[in-house]
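with the sequence up front, the predicted model follows.
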Amino acid sequence: MADHGALSNAATEGWRVSARHRRWLEQQGQRLLDFSKHSVVPDGFAALDTLGELPAHAQAQVIITARMTHAYALAALQGLPGSTPLVDHGLKALAGPLKDHAHGGWDDGSGRKMAYAHAFVALAAATATIAGRPGARELLSDVTAIIERHFWSQEEGVQRDSFALDWSDEEDYRGANSNMHSVEAFMTIADALDQPVWRTRALRICERFIHQIASAHDFCVVEHFDRQWRILHDYHHDQPDHDLRPYGMTPGHFVEWAHLLLKLEAALAGAAVPAPDWLAEHAAKLFEAGVAYGWAADGAPGLVYTIGWDRKPHMRHRVHWAHAEAITAASALLDRTGRQEYEQWYQTFWDYLDLYLIDRDNGSWHNELDEYNRPKEQVYQGKADLYHAYQATLTPLLPLAPCLAESIRQGVKAFS
């Protein structure tokens, strides 16, 4: 990897330094925020349909509420009108009607207490804490205590995945997806509370899933294990379109891990903590594997949803979040290395997103396309997700560290 300061013309003269491109990103972000304001319901935020409307009997969901709260807290930090009341609405919902007051924690609708959902509650609370919203620090104290009491495995250096509602019956499963999102949440918690232990935990997760396991599989991220860390090769073979735990491997996660590693490297450096060399090295290799096995792998543009153990496309649909994460990864690698190839990928991903995923008829982005890049609702229904898309419009304008919320609060780069 190139030295942090050795940036080529790709980093200093590319799209991201263009005033017109930066305005385009800001406009896209504002459109996404405006679209998702329709998702407010009395007890939080609910999923919208493809037209941007609330379905009949729409109910608040924990994950959607947490993601919306996080996104609008980022917007509130930028001074965007209408955002702060939505942050406060989300915080009250997460601390009130959406919380399990009998046993503690949050049920995401699955009937279990999931590490995945708690990572987003923590992210929302940490971002809102940085934004200075009332009740945010209390919510963050609550969710971090639950993570430490139930989910964090100090022995393994990872998050346990799920429990019954009363915290019994731990699932015989260890998953990469919930741990990947915990890395993001933990880095934000570290900034919000000035507690470096959360960065240490994020590093341990990356060590296990990437440095130890993915590096032994050509930097294809293995997703599913039992509690003895045996790979579950056939896990959800009958559910290739599962929204959180599909069969096989997910190239969108390869690129998502790539930028998380670079953000963690930068966060450690910012805290004057030596960062392992492999963080940057593995990030480049994860990105390479993601585009090699995922991008146009079946001949059509776009990242396929999953690949099999033979590295060939399995579930060929294109999902919006994978492309949002690819944009962030290309931008992060460009920041880290200055290499022209990442500027080219950054432009390629945005070109694809503009031509295929932005829904100019009904607003926001299509959540999912089929293998022919036509709108589809098989893996995901409606347009429930603001989180991935909105962050893709912010990350190119901000440094790798600190976390997004703290970067905006400090008034760096685009928000100075």
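Thanks, I have the structure now.

looks like A176 contacts M249 (just checking).
No - with contacts counted by CB atoms under 8 Å, A176 stays clear of M249, the gap being 9.1 Å. Every residue, glycine included, has its C-beta placed from N, CA and C.

overlap in contacts of these two?
Common neighbours of A176 and M249 are listed as 221-223 (criterion: CB atoms under 8 Å, 6 or more residues apart in numbering).

what is the nearest of those to D161?
Among the shared contacts of A176 and M249, E223 lies closest to D161 (CB to CB), at 11.4 Å.

could you check the pLDDT of that closest one?
The confidence metric pLDDT takes the value 98 at E223.

how about it, what does it touch?
175-177, 235, 245, 248-250, 253.

hmm, 10 Å instead?
Residues counted as contacts of E223 (CB atoms under 10 Å, 6 or more residues apart in numbering) are 174-177, 179-180, 209, 231-232, 235-236, 244-250, 253, 306.

how far away is it from Y173?
10 Å (CB to CB, to the nearest Å).

list residues touching both of the two?
With CB under 10 Å, 6+ apart, E223 and Y173 have common neighbours 232, 235, 245.

for I205, see how far away the last one is.
When distances are taken as CB to CB, R245 and I205 turn out to be 17 Å apart.

the more surrounded of these two?
More crowded of R245 and I205, by other CB atoms under 10 Å: I205, with 23 against 19.

so that one is in contact with F151, correct?
No - using CB atoms under 10 Å as the test, I205 is too far from F151 to be in contact (11.5 Å).

pull up the overlap in contacts between these two.
By the contact definition CB under 10 Å, 6+ apart, I205 and F151 are jointly contacted by 158-159, 178-179, 182.

tell me the one among these nearest to H70.
Nearest to H70 among the shared contacts of I205 and F151 is S182, at 14.2 Å by CB to CB.

hmm, that closest one is touching L123, no?
Yes - between S182 and L123 a contact is recorded at 9.2 Å, counting by CB under 10 Å.

shared neighbours, those two?
Joint contacts of S182 and L123 (CB under 10 Å, 6+ apart) are I189.

of these two, who's got more company?
L123 (30 against 27).

pretty sure that one contacts Y387?
Yes - in this structure, L123 is within contact of Y387 by CB under 10 Å, at 8.7 Å.

give the residues shared as contacts by those two.
Going by CB under 10 Å, 6+ apart, residues that sit against L123 and also against Y387 are 66-67, 70, 181.

got TSV for the shared contacts of E223 and Y173, with secondary structure too?
Converted to TSV, those look like this (DSSP: H, G, I helix; E, B strand; the rest coil):
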residue	secondary structure
L232	coil
Y235	coil
R245	coil
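
nearest to L86, of these?
Within these, the smallest distance to L86 is 29.9 Å, found for R245 (CB to CB).

for T50, grab the count of nearby residues.
Neighbour count of T50, defined by other CB under 10 Å: 17.

helix, strand, or coil at it?
coil.

quick check: it vs L355, distance?
From T50 to L355 the distance is 18 Å (CB to CB).

over to Y390?
20 Å.

looking at the two, which is more packed in?
Y390 (26 against 10).

can you name the element that comes right after the host helix or strand of that one?
Per DSSP states H and E, Y390 falls inside helix 387-394. Per DSSP H and E, the first helix or strand lying C-terminal to helix 387-394 is helix 404-410.

same for that following helix, what does it pack against?
helix 62-77, helix 115-130, helix 176-193, helix 251-270, helix 387-394 (3 or more CB pairs under 10 Å, 6 or more residues apart in numbering; DSSP states H and E).

for the helix or strand just after the fourth one, what is the distance to the chain centroid?
In other words, helix 251-270. Counting by DSSP H and E, the next helix or strand C-terminal to helix 251-270 is helix 278-294. In terms of CA atoms, centre = their mean, to the nearest Å, the centre of helix 278-294 is found 17 Å from the chain centre.
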